[in-house]
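> sequence first, then the predicted structure:
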Amino acid sequence: MGHSVWYLENRDMCKVIPTYIVKKEKPAVVAESIIEVDFDLTSGPSVLNKDEEMTEDEESAFAFSSLPDIRSMEMGKESFIFYLSNKSYHVSFIQEADKSKPRGCTQKSIVVQCNKYTPGLPLVLSDALTRASEYTPEKVLNLLWNTELPTLTETIRLLHNRISPEIQKLFDQNKNTIIENLMRSKGFLVIARTPTESSVIVCYLSMFGGVKYGGDILPYRSSFVQNKIPNHSIVGVTNEYHYKSNQFDNAIDAINGRYYYKEKKCNDNLEKLFKELEEYFLECPEGFQTEKWLHRLSDLGASIKARRVFREFFGSSGFTEWLLAHGYKSIQPNK
């Protein structure tokens with residue numbers, strides 16, 4: 001006996017996803033190391049105070065990742081995040097006039113490796129450090145000790161304020177498609193002029209519309225790093241010639257103000273539905289059941305395609321991150 005597509009899709013929507021929601025302490029941000037990187041015209045970039053043994057290739061990748069791909073005399077400060085060996089490094093770079101240097105300027109970075117991705121940290125560092133002489137581990141350690149990092153809401157506002165009006169407009173015009181692709185952990189490539197712009201857009205995108213992205217978040221990736229990019233990731237670059245946009249499901253060209261995407265499954269207002277989800281969840285977090293929410297979507301008039309997007313989100317690590325942002329986690333019942 002055959003069944004209609006409508007029947008099969010609705011039957012799938014009724015399948016139970018057994019989970020329990022429980023309280024979860026948010027891990028504190030811990031600075032595990034503070035590293036100084038300098039650029040010399042003769043010897044190139046160098047790591048001045050390694051906290052662990054690195055091979056020559058590892059040190060080279062780290063040093064180049066800590067500096068902008070392209071440096072010009074007009075450049076002042078840059079603030080960005082990069083990942084190497086599954087560790088997050090938060091960078092503040094400065095270029096300062098110095099007649100004693102062959103190039104007429106000092107170029108150096110201070111790199112803070114944290115136990116967790118902390119999107120507001122590089123901007124906080126760059127705002128507080130005013131001269132190259134302050135770019136030392138001792139100064140930064142004292143700064144971190146006496147500085148309160150921005151909350152999630154403050155971080156989103158801080159990032160939003162650093163994004164140009166043109167790119168903000170691009171996000172608003174394509175809001176629904178972007179949110180859908182974030183919920184489904186699709187790949188994004190962000191092409192920007194500077195590491196700061198790249199990092200800010202990627203960090204903001206990873207939390208856009210209240211969604212927490214479930215793939216890898218790579219705010220700035222140097223063209224000198226050649227290791228494979230995970231399929232489900234948001235990658236920020238300043239040298240697009242090393243990457244093929246068509247290999248990604250989405251590409252945001254911040255230089256020319258364009259957004260490209262391969263797939264859009266539904267026309268529902270996902271931003272509104274996601275806000276409904278948040279309000280529904282916060283009414284009784286520990287009583288939240290994903291299948292009840294999927295049934296509720298029907299009452300809200302959501303299409304089957306929208307419900308499939310939410311089901312995909314609930315099965316992703318993005319849902320785990322979203323719960324954690326609210327101070328909760330999901331556990332599977334004992335079988």
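That came through, no problem.

> pLDDT weak spots in the protein?
Along the chain, the model assigns pLDDT under 70 to residues 1-20, 41-43, 51, 71-74, 242, 245, 332-335.

> so where do the strands sit in it?
With DSSP state E as the criterion, the chain has strands at 20-23, 31-40, 44-47, 77-84, 87-97, 105-114, 188-191, 216-218, 233-237, 250-253, 258-261, 328-331.

> tabulate these in a markdown table, adding columns for mean neighbour count and distance to Leu121.
C-beta here means a position set from N, CA and C on the backbone, and glycine is covered the same way. Output for these, formatted as a markdown table (neighbours: other C-beta atoms under 10 Å; distance: least, C-beta to C-beta, whole Å):
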| stretch | mean neighbour count | distance to Leu121 |
| --- | --- | --- |
| strand 20-23 | 14 | 26 |
| strand 31-40 | 18 | 9 |
| strand 44-47 | 16 | 20 |
| strand 77-84 | 23 | 8 |
| strand 87-97 | 21 | 4 |
| strand 105-114 | 22 | 6 |
| strand 188-191 | 26 | 19 |
| strand 216-218 | 22 | 14 |
| strand 233-237 | 24 | 16 |
| strand 250-253 | 22 | 23 |
| strand 258-261 | 15 | 27 |
| strand 328-331 | 16 | 24 |
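
> other SSEs contacting the longest helix seen in the chain?
Under DSSP state H, the helix in the chain containing the largest number of residues is helix 270-283. Judged by 3 or more C-beta pairs under 8 Å, 6 or more residues apart in numbering; DSSP states H and E, the packing partners of helix 270-283 are helix 175-183, helix 290-299, helix 304-314.

> out of those helices, deepest packed?
Greatest average neighbour count among the helices and strands packed on helix 270-283 goes to helix 175-183 (a mean of 22), per mean count of other C-beta atoms under 10 Å.

> with just CA atoms, put that one into PDB.
Extracted C-alpha coordinates of helix 175-183, given in PDB (Å, rounded to 0.1, in the frame of the first residue of the first chain):
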ATOM      1  CA  LYS A 175      17.200  37.400   7.300                       C
ATOM      2  CA  ASN A 176      15.000  34.400   6.800                       C
ATOM      3  CA  THR A 177      17.300  32.500   4.400                       C
ATOM      4  CA  ILE A 178      20.300  33.100   6.700                       C
ATOM      5  CA  ILE A 179      18.500  31.900   9.800                       C
ATOM      6  CA  GLU A 180      17.300  28.800   8.000                       C
ATOM      7  CA  ASN A 181      20.900  27.900   6.900                       C
ATOM      8  CA  LEU A 182      22.200  28.600  10.400                       C
ATOM      9  CA  MET A 183      19.600  26.300  11.900                       C
END
